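Q: No letters, just coordinates:
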C-alpha cells in the first residue's frame with residue numbers, strides 16, 4: 001500500500017455531506033458501511049474512503065492512530 005494514501009487519510013477532510021470538514025480517518029464506520037452499499041464516489045475520494053473501509057474491516061485502525069499523531 002502506498003504510504004501517501006495513509007497520510008492522506010489522516011490529513012484530508014471530507015468535502016461534503018453530513019461529515020463535511022471531518023478528517024477522513026474520523027468518518028464513522030457506519031457511514032463507510034453505508035457508502036460501501038451505495039458505491040464509493042469516483043476519484044481519489046472514493047479510493048480514500050474504500051481504503052478506510054478496508055482498514056476498519058480488518059481491524060487495522062492502529063496504523064492510522066500512529067500516523068495521526070505524526071501528521072495531525
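A: It's in. Model, not experiment: these values are computed from the prediction.
Q: tell me the mean pLDDT over stretch 56-63?
A: Averaging pLDDT along stretch 56-63 gives 93.
Q: buried stuff in it?
A: residue 56 (16 or more other CB atoms under 10 Å). For the C-beta atoms, the positions are set from N, CA and C on the backbone; glycine is no exception.
Q: Figure out how far that stretch is from the centre of its chain.
A: In terms of CA atoms, centre = their mean, to the nearest Å, the centre of stretch 56-63 is found 11 Å from the chain centre.
Q: hmm, who's touching that stretch?
A: 6, 29, 32, 55 (CB atoms under 8 Å, 6 or more residues apart in numbering).
Q: ok, now how distant is residue 26 from residue 12?
A: 11 Å (CB to CB, to the nearest Å).
Q: Now do the helices in the protein.
A: Along the chain, counting by DSSP state H, helices occupy 3-11, 29-38, 43-57, 61-71.
Q: Just put those in CSV and tack on distance to residue 19.
A: Below are the helices of the chain laid out as CSV (distance: least, CB to CB, whole Å):
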stretch, distance to residue 19
helix 3-11, 14
helix 29-38, 6
helix 43-57, 11
helix 61-71, 16
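Q: Buried residues, the worst-scoring helix or strand of the chain on mean pLDDT. List them.
A: Least confident helix or strand, the chain: helix 61-71 with a mean of 91, by mean pLDDT, DSSP states H and E. Residues 64, 67, 68 are the ones in helix 61-71 that count as buried (16+ other CB under 10 Å).
Q: Likewise for stretch 37-53?
A: In stretch 37-53, residues buried by neighbour count (16+ other CB under 10 Å) are 40, 45, 48, 49, 50, 51, 52, 53.
Q: was I right about the third one contacting residue 5?
A: Think residue 48. Yes - between residue 48 and residue 5 there is a contact under CB atoms under 8 Å: 6.8 Å.
Q: hmm, back to that, closest one to residue 18 among the helices of the chain?
A: Nearest to residue 18 among the helices of the chain is helix 29-38 (7.3 Å), distances taken as CB to CB.
Q: Report the inter-axis angle for that closest one versus helix 61-71.
A: 110 degrees (axes from the mean of the first three to the mean of the last three CA atoms, to 10 degrees).
Q: Give me the contacts around helix 29-38.
A: Against helix 29-38 from outside (CB under 8 Å, 6+ apart): 18, 19, 49, 50, 52, 53, 56.
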